[in-house]
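Participant: how would this look folded up:
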Amino acid sequence: MVRVLIERRVPEGMAGDFLLALRQMRFEAVHRPGYVSGETWRDAADPLRFIVISTWTSRQAWDAWVASDARSRTMALLGPMIDGPEEITVLEPV
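Facilitator: Down below sits the predicted model:
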């Protein structure tokens, strides 16, 4: 099992469109082998910073999702709405 944290900042005025595109991405991910769950959080001190926390059955399942055409398509929608690169952290249990 792995958890993945993805941090993204959005420009002022883009949060609504960003969240719609993010929901589309989650819809695609839910149908991928190995997807367990996902949550979207907003930084209470910085409302333009969003954190997605997803859980996958394995690192291989996550890597397959990252390499998928479905994620590439939705990232093409999200990309223009992100202020800077997304930061991805993959966490493993200890």
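
Participant: nearest spatial neighbour of Asp83, skipping sequence neighbours?
Facilitator: Excluding the flanking residues, the one nearest Asp83 by Cβ to Cβ, 6 or more residues apart in numbering is Arg9, at 4.3 Å. From N, CA and C alone the C-beta is placed, and that goes for glycine too.

Participant: show me what the one you found bridges to in the sheet.
Facilitator: With DSSP bridges as the criterion, Arg9 is bridged to Arg49.

Participant: give the contact list for it.
Facilitator: Shown in contact with Arg9 (Cβ atoms under 8 Å, 6 or more residues apart in numbering): Asp46, Leu48, Arg49, Phe50, Ile82, Asp83, Gly84.

Participant: please redo it, this time with the cut-off set to 6 Å
Facilitator: With contact taken as Cβ atoms under 6 Å, 6 or more residues apart in numbering, Arg9 is in contact with Leu48, Arg49, Asp83, Gly84.
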